[in-house]
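Novice: just coords:
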């Protein structure tokens, strides 16, 4: 039986001392979905660190100061990851960086929306099933309301029935199935929670 851990503090924005931990956590959860070609963890984490917009995230921090969870945020003005050419050049150098960046043109983002989009939620393995994701979603809902967004949107792979059920249990309603991400990505459900 595992002990219940003290509740984390939810912060808007990633403090500078947690940038590396945030990049590693995000890569661990979403690395396979971020780039069209396989990339090693070292370069993947470096790319996220170079491309992240720390103010476009919510983080869950333990009482000891450890990053235990995070949620990227996206709206019409941008998202948690803004992988411009410079980010790729920083990681791969001028030629390879530009080629890797060129490949991202295949990615299909979701439709423009007035809603605040959750750009991925990641929770450290040790802190799962402790209510971290729910706390991040509650904070994101409050943030969306404060900024005048009518709702939160989340995207879930259509074949991920467990995740779909979990989002629905938190009040998200399925909107439509769409083809998002890479051309070979599975269809995804767009889910909406009124702020």
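Specialist: Looks like it came in fine. Computed from a predicted structure; not experimentally measured.
Novice: ok, which stretches of this structure are helices?
Specialist: Assignment of helices within the chain using DSSP state H yields the ranges 19-34, 41-51, 85-92, 94-103, 132-147, 161-169.
Novice: What lies in contact with the fourth one?
Specialist: Just to be clear, that refers to helix 94-103. 35-37, 83-85, 87-92 (CB atoms under 8 Å, 6 or more residues apart in numbering). All C-beta spots, glycine's among them, are computed from the backbone N, C-alpha and C.
Novice: chain center to it, what's the gap?
Specialist: Its chain's C-alpha centre and that of helix 94-103 lie 23 Å apart, by CA atoms, centre = their mean, to the nearest Å.
Novice: what angle do it and helix 41-51 make?
Specialist: In terms of direction (axes from the mean of the first three to the mean of the last three CA atoms, to 10 degrees), helix 94-103 departs from helix 41-51 by 80 degrees.
Novice: Could you give the average pLDDT over helix 94-103?
Specialist: Looking at helix 94-103 alone, the average pLDDT works out to 88.
Novice: where in the protein is pLDDT low?
Specialist: Applying pLDDT under 70 to the chain picks out residues 1-5, 108, 177-184.
Novice: rewinding a little: nearest to residue 67, of the helices of the chain?
Specialist: Smallest distance to residue 67 across those (CB to CB): 4.2 Å, for helix 19-34.
Novice: Buried ones in that closest one, by neighbour count?
Specialist: 21-27, 30-31, 34 (16 or more other CB atoms under 10 Å).
Novice: now stretch 135-153
Specialist: If you call a residue buried by 16+ other CB under 10 Å, then stretch 135-153 has these buried ones: 135-137, 139-141, 143-144, 149, 151-153.
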